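**Q** below: sequence and its predicted model.
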Amino acid sequence: MNKNKDSIDEAAKSRSESTSKVDLETANLAKNKSDLKKQQEILQKKEKSLADGNAIRTETQANNEATIAEAEKQADLLGQAVEILSATASGQAVAFVQQQQRPDVVEARAGSSGLQTAITSVENLQTAQLNLAADTKAAESTAANEWENSAKDLAEGIKDAKGVIGSLKNAIAKGEEDIYNANETLTIAKEEWQAAVDDKNNRIDPMCVQTAVSHEERAQKRNEEIQSLQEALEILSSV
């Protein structure tokens with residue numbers, strides 16, 4: 001009887017521990033799956049940011065290079081114009097010296113002054129184009145360096161996210177295996193508990209009932225024997 005009770009208690013304890021194990025592993029699995037989803041979303045965002053950033057950087061670089069090339073081209077053309085105008089102005093100065101005694105001296109001076117103004121204007125335009133090219137080069141260099149650092153950080157973030165995802169996938173696979181094993185253990189524990197309970201109900205309890213009945217029968221039989229002996233003694237005493 002006590003042995004059977006110990007078996008039931010032990011089986012019940014094993015069943016409880018197995019149930020707790022299944023619950024714990026199920027909770028861990030759910031958490032790992034949730035974390036995996038979050039990490040996959042993080043990875044997707046980082047990969048998109050890197051791809052979008054590369055596209056923007058490529059487009060910006062192309063635009064900057066086109067601006068620089070055009071500005072340098074315009075500066076070169078303007079420089080050529082300055083040379084031509086300067087040469088023209090020098091020719092007018094020589095002609096002015098040669099024609100000092102002529103009546104149209106004032107017109108020559110006026111023409112030379114207007115040409116110099118034009119040269120100054122063209123030189124200003126050339127300087128503006130050269131400045132544009134220089135500023136654009138500086139901006140391009142800064143933007144390229146900044147994106148290089150950002151792209152490096154994104155690449156490292158992507159690598160880390162992939163590492164975490166790999167670890168979570170392994171943990172999920174192991175968790176599913178652990179749950180399967182825990183459920184197997186729980187099934188065995190339930191079967192052992194049920195077997196112990198069935199043994200108690202089908203074998204030990206009837207034995208106890210049978211033992212109780214037999215004891216009552218023996219007591220009644222002894223009482224009957226005692227009564228018979230008493231009756232016999234009374235008969236003998238009356239003779």
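**A** Done, it's in.
**Q** now do the lengthiest helix in the chain: which elements does it pack against?
**A** The longest helix of the chain (DSSP state H) is helix 2-98. Identification of packing neighbours for helix 2-98 by 3 or more CB pairs under 8 Å, 6 or more residues apart in numbering; DSSP states H and E yields helix 105-199. Using the backbone N, CA and C atoms, a C-beta is placed for each residue, glycine as well.
**Q** tilt between the helix it packs on and helix 2-98?
**A** On the basis of axes from the mean of the first three to the mean of the last three CA atoms, to 10 degrees, helix 105-199 is oriented at 180 degrees to helix 2-98.
**Q** quick one: mean pLDDT for helix 105-199?
**A** For helix 105-199, mean pLDDT is 88.
**Q** the most centrally placed residue in the chain: what's it in contact with?
**A** Among the residues of the chain, the one closest to the centroid is Gln39, at 1.8 Å (CA atoms, centre = their mean). Gln39 is in contact with 161, 164-165, 168, counting by CB atoms under 8 Å, 6 or more residues apart in numbering.
**Q** again, only using 6 Å
**A** 161, 164-165 (CB atoms under 6 Å, 6 or more residues apart in numbering).
**Q** and it, how far from Glu25?
**A** 21 Å (CB to CB, to the nearest Å).
**Q** likewise Thr142?
**A** For Thr142 relative to Glu25 (CB to CB), the value is 53 Å.
**Q** the more surrounded of these two?
**A** For Thr142 versus Glu25, the count of surrounding residues by other CB atoms under 10 Å is larger for Glu25: 20 against 10.
**Q** ok, that one - contacts?
**A** 175, 178-179, 182.
**Q** and the two most separated of those residues?
**A** Gly175 and Ala182 (10.1 Å; CB to CB).
**Q** quick one: mean pLDDT over the strand or helix carrying Ile226.
**A** Using DSSP states H and E, Ile226 falls within helix 205-238. Averaged across helix 205-238, the pLDDT comes to 64.
**Q** now stretch 11-21
**A** So the average pLDDT for stretch 11-21 ends up being 80.
**Q** now Ala143: how far from Ala66?
**A** 15 Å.
**Q** neighbour-wise, which of those two wins?
**A** Between Ala143 and Ala66, counting by other CB under 10 Å, Ala143 is the more crowded of the two (15 against 11).
**Q** for the more buried one, what are its contacts?
**A** Contacts of Ala143 by CB under 6 Å, 6+ apart: none found.
**Q** now for Gln80, how many residues are close by?
**A** Count around Gln80 with other CB under 10 Å applied: 12.
**Q** do the same with Leu186
**A** 19.
**Q** list the contacts of the residue nearest to Ala12 when sequence neighbours are not counted.
**A** In space, and not counting its chain neighbours, Ala12 is closest to Trp193: 5.6 Å by CB to CB, 6 or more residues apart in numbering. Each residue near Trp193 by CB under 6 Å, 6+ apart is listed here: 11-12, 15.
**Q** in PyMOL, select just the buried ones from those residues.
**A** Entered in PyMOL, the line below selects the buried ones among these, by 16 or more other CB atoms under 10 Å:
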select buried, resi 11+12+15
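**Q** from the contacts of Trp193, which is closest to Ile56?
**A** Arg15 (61.5 Å).
**Q** contact partners for that closest one?
**A** 189-190, 193.
**Q** going by distance to Gln126, which of the residues you listed wins?
**A** Ala189 (92.1 Å).
**Q** now do the closest one against Lys174, distance only.
**A** 22 Å.
**Q** swap in Leu78?
**A** In terms of CB to CB, Leu78 sits 73 Å off from Lys174.
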